[in-house]
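A.B. asks: got a sequence here, can you model it:
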Amino acid sequence: MTEQTDDDAARPHRIAPAGGCPHALNARLRARGDVAEVVLPGGVPGAVVLGHEALLEFLAHPDVAKDARHFTDLREGRIAPDWPLRVFANAQGMHTADNEDHRRLRSIVGNAFNARQVERLRPRIETLTAGFLDDLAAAAADDPDGTADLRRHFALPLPMSVICELLGVDPEHRGRLHELSNKVIIATDTTPAEAMAAVRELVELMGTIAAARAAAPGEDLTSALLAARAADGDRLSEAELIGTMRLMLVAGHETTLNLITNAVRALCTHRDQLALVRSGKAGWDDVVDETLRWDGPVSWFPFRYPTRDLSLAGTVIPRGTPVLAGYTAAGRDPQAYGPDADRFDLTRPTTARNLSFGHGAHYCVGAPLARLEATIALEALFARFPDLDLATPEPALRHQPSFIGNSVQTLPVRLTPPTA
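C.D. replies: Predicted coordinates for the structure are as follows:
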């Protein structure tokens, strides 16, 4: 994540739209305090919560809302119509609802992601995993250097297939859905015109998918959402239907894609930790937990709004300020994880709560599914390719152009040791 050259520690940090690796910037800002003033792209004033304990308090605070009606500058007309980050404020769904509205919307999808329902997906996820490992091997075999992009051939198609099957999305739409969701939600370096065009196309495509399921209902989540709307139109509006589908799609694959990618990077650059797993001294669930803490899939996530002037960790955040949740910053907070918080350690003793999936009423409903997919994927990957390693030095990997998503754009790997 690009750092501004700033000799004045009191000046708000101007967020670079292109983002980048967040950890050095997180450390610099966190050294000033657990809450930092920022200037969002487009010149919009905001804040980011960086400290673990401060974020834990903020995420569950009763005087913090998700509904953009509490966004003062937006409500009073000071935000440009083409502001790219409007997509986060204008979206309608459980991720931008509060109190009864939030409970109403979450109840419609919640049962699909409870622990028992998710565990029922294990055989299907294992089958999909084996198939995409075949694809990864084929891609490496076709490459003159014997390398393949693990992100493209494995880390992306696995969660994308799982969530699309859950939503009842036909295969022909899946590639374009990923392109659009990445442009709308993850990439923060797009122009306003590109962002608005992508939003319109994504909404239209979601409508097409909903219409297909309305014409031919199935045992999928979209059909369930449509049935809930048909049974009680007041329970789910058209905008909420599309917003919920979009949330399920994006959160259901982008975060898991980054989680798997980041875990493989971590293990390939920390072979001693991989050895702990292979020796039985640590488990694949430990790998997932430590990756979520050390290099989580989401960096700074928008938005929450204090409904009054809020004092947090000694800083007053004015009422109506758009606030980012600094998940990657909290994950490496030395106050929560000790002076070696920057070290990837599967045996780390800690009582601090992992916040990568959020906390409180808006804790990620899909967290059990993401954990299951990642543990199955990692175990199967390293079982089949025990010598898997990075084909490009880790420092040379290009980071996502985003301050929201946290991963690399590609992950070239070699499945077997290079021949002499």
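A.B. asks: hey, where'd the helices end up in the stretch 151-300 of the chain?
C.D. replies: Per DSSP state H, counting those that start in this stretch, the stretch 151-300 of the chain carries helices over the ranges 157-167, 174-181, 192-215, 221-231, 238-268, 271-278, 284-294.
A.B. asks: now do the first one, average pLDDT.
C.D. replies: When pLDDT is averaged along helix 157-167, the result is 91.
A.B. asks: same check, this time on the longest one
C.D. replies: Averaged across helix 238-268, the pLDDT comes to 89.
A.B. asks: list the buried residues of it.
C.D. replies: 240-268 (16 or more other Cβ atoms under 10 Å). In this view, the C-beta of every residue, glycine as well, is placed from N, C-alpha and C.
A.B. asks: and if you look at stretch 35-47?
C.D. replies: Quick answer for stretch 35-47 (16+ other Cβ under 10 Å): Val35, Ala36, Glu37, Val38, Leu40, Pro41, Val44, Gly46, Ala47.
A.B. asks: among the helices of the stretch 151-300 of the chain, which is nearest Ala112?
C.D. replies: Ala112 lies closest to helix 221-231 among these, at 5.4 Å (Cβ to Cβ).
A.B. asks: just checking, what packs against the closest one?
C.D. replies: Helix 221-231 sits against helix 99-110, helix 157-167, helix 192-215, helix 238-268, with contacts defined as 3 or more Cβ pairs under 8 Å, 6 or more residues apart in numbering; DSSP states H and E.
A.B. asks: now the last one, how far from the centre of its chain.
C.D. replies: Its chain's average C-alpha position is 5 Å from that of helix 238-268, according to Cα atoms, centre = their mean, to the nearest Å.
A.B. asks: that one to helix 192-215, inter-axis angle?
C.D. replies: Counting by axes from the mean of the first three to the mean of the last three Cα atoms, to 10 degrees, helix 238-268 lies at 110 degrees to helix 192-215.
A.B. asks: for stretch 131-145, the averaged confidence score.
C.D. replies: The predicted model gives stretch 131-145 an average pLDDT of 96.
A.B. asks: can you check stretch 197-215 too?
C.D. replies: When pLDDT is averaged over stretch 197-215, the result is 87.
A.B. asks: on that earlier part again, now distance to Arg414 too, for the helices of the stretch 151-300 of the chain, in a markdown table please.
C.D. replies: What follows is these, written out as a markdown table (distance: least, Cβ to Cβ, whole Å):
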| stretch | distance to Arg414 |
| --- | --- |
| helix 157-167 | 20 |
| helix 174-181 | 25 |
| helix 192-215 | 34 |
| helix 221-231 | 38 |
| helix 238-268 | 10 |
| helix 271-278 | 14 |
| helix 284-294 | 20 |
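A.B. asks: quick one: closest of those helices to Val316.
C.D. replies: Across the helices of the stretch 151-300 of the chain, closest to Val316 is helix 284-294 (Cβ to Cβ), at 28.7 Å.
A.B. asks: buried stuff in that closest one?
C.D. replies: Here helix 284-294 shows Trp284, Asp286, Val287, Val288, Asp289, Glu290, Thr291, Leu292, Arg293, Trp294 as buried, counting by 16+ other Cβ under 10 Å.
A.B. asks: so which elements touch the helix or strand following that helix?
C.D. replies: Next in sequence after helix 284-294, counting helices and strands by DSSP states H and E, comes strand 300-306. Judged by 3+ Cβ pairs under 8 Å, 6+ apart, strand 300-306 is in contact with strand 64-65, helix 86-90, strand 323-326, helix 327-331.
A.B. asks: need the ones you listed in TSV (columns: distance to Ala18 and mean neighbour count).
C.D. replies: TSV is the format used below for these (distance: least, Cβ to Cβ, whole Å; neighbours: other Cβ atoms under 10 Å):
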stretch	distance to Ala18	mean neighbour count
strand 64-65	28	22
helix 86-90	18	18
strand 323-326	16	25
helix 327-331	16	28
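A.B. asks: and Ala215, which of these is closest to it?
C.D. replies: That would be helix 86-90 among these, by Cβ to Cβ, at 28.4 Å.
A.B. asks: what residues does that closest one touch?
C.D. replies: Ala68, Phe71, Leu74, Ile79, Thr96, Val184, Ile185, Ala195, Val199, Pro302, Phe303, Pro322 (Cβ atoms under 8 Å, 6 or more residues apart in numbering).
A.B. asks: spatially, which residue comes closest to the first one, not counting chain neighbours?
C.D. replies: Looking back up the chat, that one is Ala68. Nearest non-adjacent residue to Ala68, counting by Cβ to Cβ, 6 or more residues apart in numbering: Ala89, 3.9 Å away.
A.B. asks: what pLDDT does the one you found get?
C.D. replies: So Ala89 comes in at 89 (pLDDT).
A.B. asks: gap between it and Leu74?
C.D. replies: Ala89 sits 6 Å away from Leu74, going by Cβ to Cβ, to the nearest Å.
A.B. asks: which neighbours do the two share?
C.D. replies: Joint contacts of Ala89 and Leu74 (Cβ under 8 Å, 6+ apart) are Ala68.
A.B. asks: thinking again about what came up before, what would the contacts of helix 86-90 look like in JSON lines with distance to Arg122?
C.D. replies: Output for those, formatted as JSON lines (distance: Cβ to Cβ, whole Å):
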{"residue": "Ala68", "distance to Arg122": "38"}
{"residue": "Phe71", "distance to Arg122": "41"}
{"residue": "Leu74", "distance to Arg122": "43"}
{"residue": "Ile79", "distance to Arg122": "44"}
{"residue": "Thr96", "distance to Arg122": "32"}
{"residue": "Val184", "distance to Arg122": "31"}
{"residue": "Ile185", "distance to Arg122": "28"}
{"residue": "Ala195", "distance to Arg122": "37"}
{"residue": "Val199", "distance to Arg122": "35"}
{"residue": "Pro302", "distance to Arg122": "33"}
{"residue": "Phe303", "distance to Arg122": "35"}
{"residue": "Pro322", "distance to Arg122": "39"}
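A.B. asks: from the residues you listed, pick the one nearest Pro22.
C.D. replies: For these, the minimum distance to Pro22 (Cβ to Cβ) is 14.5 Å, reached by Pro302.
A.B. asks: nearest spatial neighbour of the closest one, skipping sequence neighbours?
C.D. replies: The nearest residue in space to Pro302 (Cβ to Cβ, 6+ apart) is Phe88, at 4.4 Å.
A.B. asks: same check, this time on Glu57
C.D. replies: Per Cβ to Cβ, 6+ apart, closest to Glu57 is Leu312, 6.6 Å.
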